[in-house]
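Enquirer: need a 3D model of the following:
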Amino acid sequence: MTASTPTPPPAGPSGTEVLFDSTAQIMTEITTQLGERLGRVRLHGLPRRGPAAPRPAPGAATARQAPPLVAVAHGSRDPRALRTVTALLDRVRALRPGLTVRLGHIELNAPLLPDTLARLNGPAVAVPLLLARGHHVGHDIPAALADAPHLTAHLARPLGPHPLLAEALHARLEEAGARRPSAVVLAAAGSRAPESAADTARTARLLSDRLGGVPVLPAYASAPPEGGPPGPPLSVPAALRALAARGHHRPAVASCFTAPGRFAAQCAAAAPGPAAAPLGDHPALARLVLHRYDQALAARSAYDHDPTRAATVAV
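Expert: The predicted structure is shown next:
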């Protein structure tokens with residue numbers, strides 16, 4: 001493969017230049033481009049030699065070898081959402097110095113995912129900043145990767161369900177004052193995909209285990225999903241009424257959302273007791289992003305239509 005030309009400054013959908021998210025991102029970009037140029041230097045016809053690279057940690061790609069991590073956020077009209085996702089990715093960069101981390105949105109915010117993919121070349125790993133499977137993970141993101149034929153893209157699992165997600169949810173509940181709740185409603189966005197309901201129910205069980213067996217009832221901000229686990233899917237108000245009928249009149253509400261937005265605010269407003277903040281840049285969530293990235297790199301299949309597993313999508 002021939003060396004590519006230096007990557008131009010990122011541009012938004014209209015072609016206007018987009019500012020970098022943070023000083024950390026600027027330094028990462030400078031380091032990456034400088035390393036690429038130095039790697040092409042030759043001395044008297046021989047490759048330029050440098051000190052031996054340190055051994056990578058088990059299961060993690062080295063910064064020099066690692067494909068870019070493309071974090072795929074949903075997007076929101078709430079201006080706090082972009083700031084929150086940017087803070088989360090800054091924490092990811094701090095955990096894996098030198099790794100190129102890019103952001104792409106499915107809708108509503110720049111940069112959109114197709115624009116981010118257009119500025120990359122070669123291999124890349126797309127990590128959905130989504131907490132369950134659904135239409136975006138199963139269709140929208142794979143379609144965007146398929147429309148980027150210049151890339152060999154690896155599609156990671158969504159962030160949930162996973163014990164690290166339960167850790168972050170628990171921490172946000174404690175921050176909201178719900179240290180020993182009698183019951184919890186796990187408020188999620190909801191999807192008509194049955195896989196989404198199954199994932200949210202699994203996250204609810206993981207959170208219940210972490211809370212020592214406290215009842216955790218999954219519920220949805222949007223239209224409840226169909227075909228999920230046994231039992232009728234519940235909206236957040238319906239879940240609160242169900243718990244009240246069992247004697248839990250002030251259950252806490254756990255926010256199963258990556259960033260602030262309309263659904264997160266709607267669910268918090270319905271809470272009769274403590275309402276946790278969205279997960280945001282919690283350290284456990286940043287570790288989970290890198291875990292999903294490493295899982296996708298370790299996947300051996302050449303192509304995998306099933307987004308329940310870390311999949312390599314050769315496009």
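Enquirer: would you map the helices across this structure?
Expert: With DSSP state H applied, the chain shows helices at 23-38, 79-95, 113-118, 135, 141-146, 163-175, 194-210, 236-245, 262-270, 283-298, listed in chain order.
Enquirer: for the last one, give the mean pLDDT please.
Expert: Right, the one you point to is helix 283-298. Mean per-residue pLDDT for helix 283-298: 97.
Enquirer: list the buried residues of that helix.
Expert: 284-297 (16 or more other Cβ atoms under 10 Å). (Each C-beta comes from the backbone N, C-alpha and C, glycine too.)
Enquirer: between those, which is nearest residue 166?
Expert: residue 284 (8.7 Å; Cβ to Cβ).
Enquirer: quick one on the thing from earlier: make CSV out of the helices of the chain and add distance to residue 252.
Expert: Formatted as CSV, the helices of the chain follow (distance: least, Cβ to Cβ, whole Å):
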stretch, distance to residue 252
helix 23-38, 34
helix 79-95, 21
helix 113-118, 34
helix 135, 29
helix 141-146, 32
helix 163-175, 6
helix 194-210, 11
helix 236-245, 10
helix 262-270, 11
helix 283-298, 18
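Enquirer: how about those helices, which one is nearest residue 276?
Expert: With distances scored as Cβ to Cβ, the stretch of those nearest to residue 276 is helix 163-175 (3.9 Å).
Enquirer: returning to that earlier point: residue 124: which of the helices of the chain is closest?
Expert: The closest of these to residue 124 is helix 113-118. By Cβ to Cβ, the value is 7.3 Å.
Enquirer: what's around residue 111, how many residues?
Expert: Around residue 111 there are 20 other residues, counting by other Cβ atoms under 10 Å.
Enquirer: can you give me phi and psi for it?
Expert: Main-chain dihedrals, residue 111, degrees, to the nearest 10: phi -80, psi 140.
Enquirer: isn't it up against residue 120?
Expert: No - Residue 111 is not in contact with residue 120 according to Cβ atoms under 8 Å; the separation is 11.5 Å.
Enquirer: which of the helices of the chain sits closest to residue 127?
Expert: Ranking the helices of the chain by proximity to residue 127 (Cβ to Cβ) places helix 283-298 first, at 5.1 Å.
Enquirer: who touches both of residue 111 and residue 120?
Expert: Residues touching both residue 111 and residue 120 (Cβ atoms under 8 Å, 6 or more residues apart in numbering): there are none.
Enquirer: of all the helices of the chain, which one is nearest residue 181?
Expert: Of all the helices of the chain, helix 163-175 sits nearest to residue 181, with 6.8 Å by Cβ to Cβ.
Enquirer: pLDDT of the closest one, averaged?
Expert: Here the average pLDDT along helix 163-175 is 98.
Enquirer: give me the angle between it and helix 283-298.
Expert: In terms of direction (axes from the mean of the first three to the mean of the last three Cα atoms, to 10 degrees), helix 163-175 departs from helix 283-298 by 170 degrees.
Enquirer: so what does helix 163-175 touch, helix or strand wise?
Expert: Applying 3 or more Cβ pairs under 8 Å, 6 or more residues apart in numbering; DSSP states H and E, we find helix 163-175 packed against helix 194-210, strand 252-255, helix 283-298.
Enquirer: how about those in JSON lines, adding distance to residue 93?
Expert: JSON lines is the format used below for the helices and strands packed on helix 163-175 (distance: least, Cβ to Cβ, whole Å):
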{"stretch": "helix 194-210", "distance to residue 93": "26"}
{"stretch": "strand 252-255", "distance to residue 93": "24"}
{"stretch": "helix 283-298", "distance to residue 93": "9"}
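Enquirer: of all those, which lies closest to residue 151?
Expert: Smallest distance to residue 151 across the helices and strands packed on helix 163-175 (Cβ to Cβ): 13.5 Å, for helix 283-298.
Enquirer: which residues make contact with the closest one from outside it?
Expert: Here helix 283-298 makes contact (Cβ under 8 Å, 6+ apart) with 59-61, 66-67, 69, 71, 88, 91-92, 95-96, 125, 127, 129, 154-159, 162, 164-165, 167-168, 171, 258, 279, 310-312.
Enquirer: among the residues you listed, which ones are buried?
Expert: Among the contacts of helix 283-298, those classed as buried by 16+ other Cβ under 10 Å are 61, 66-67, 69, 71, 88, 91-92, 96, 125, 127, 129, 154-159, 162, 164-165, 167-168, 171, 258, 279, 310-312.
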